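Engineer: The following comprises the amino acid sequence and a computationally predicted model.
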Amino acid sequence: MFIAMNRFQVKKGAETAFETVWATRESYLGSMPGFVEFHLLKGPEAEDHTLYSSHTSWVDKAAFEAWTRSEEFRRAHARADNRTGESLYLGHPKFEGFEVIQSERKAAAAMMHERSRMC
């Protein structure tokens, strides 16, 4: 498994606009071979920004790399910023990719998670 993360330092006051961009986007992830799961995470607040991270899981690194070369990727990222033209970020997003070496999951939690996704 491969986990791809992007960290975003979202300017103070731009959090709602940032979350709206993500909530209204067309991701195309579900149609990609090897895609497993997506999460948008909201982290701690600093004086000038709020930390966010997007987190996707893939069956392997090759599936993720195929996504980054796809037409779906280009379409999904075509409106990756605010429509007003003003950047929502301090600096550029920071990419981090990880190959999963070990993982553990509580069986009951996994079943609850799958049931909630079906609803």
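Structural biologist: Structure's in. What do you need? Numbers count the residues shown, from 1 in each chain.
Engineer: Show me the helices in the protein, by range?
Structural biologist: Taking DSSP state H as the criterion, the chain contains helices spanning 15-23, 61-68, 71-76, 107-118.
Engineer: Isn't residue 38 up against residue 67?
Structural biologist: No. Between residue 38 and residue 67 there is no contact under C-beta atoms under 8 Å: 11.3 Å. C-beta coordinates here come from the backbone N, C-alpha and C atoms, glycine included.
Engineer: In JSON lines, list the helices of the chain along with mean neighbour count, mean pLDDT and distance to residue 30.
Structural biologist: Below are those laid out as JSON lines (neighbours: other C-beta atoms under 10 Å; pLDDT from 0 to 100; distance: least, C-beta to C-beta, whole Å):
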{"stretch": "helix 15-23", "mean neighbour count": "14", "mean pLDDT": "93", "distance to residue 30": "15"}
{"stretch": "helix 61-68", "mean neighbour count": "16", "mean pLDDT": "96", "distance to residue 30": "12"}
{"stretch": "helix 71-76", "mean neighbour count": "14", "mean pLDDT": "89", "distance to residue 30": "10"}
{"stretch": "helix 107-118", "mean neighbour count": "9", "mean pLDDT": "66", "distance to residue 30": "12"}
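Engineer: tell me, what residue is most central in the chain?
Structural biologist: residue 54 (2.6 Å; C-alpha atoms, centre = their mean).
Engineer: which residue of the protein sits farthest from its center?
Structural biologist: In the chain, residue 108 marks the outermost C-alpha relative to the chain mean, sitting 25.3 Å out by C-alpha atoms, centre = their mean.
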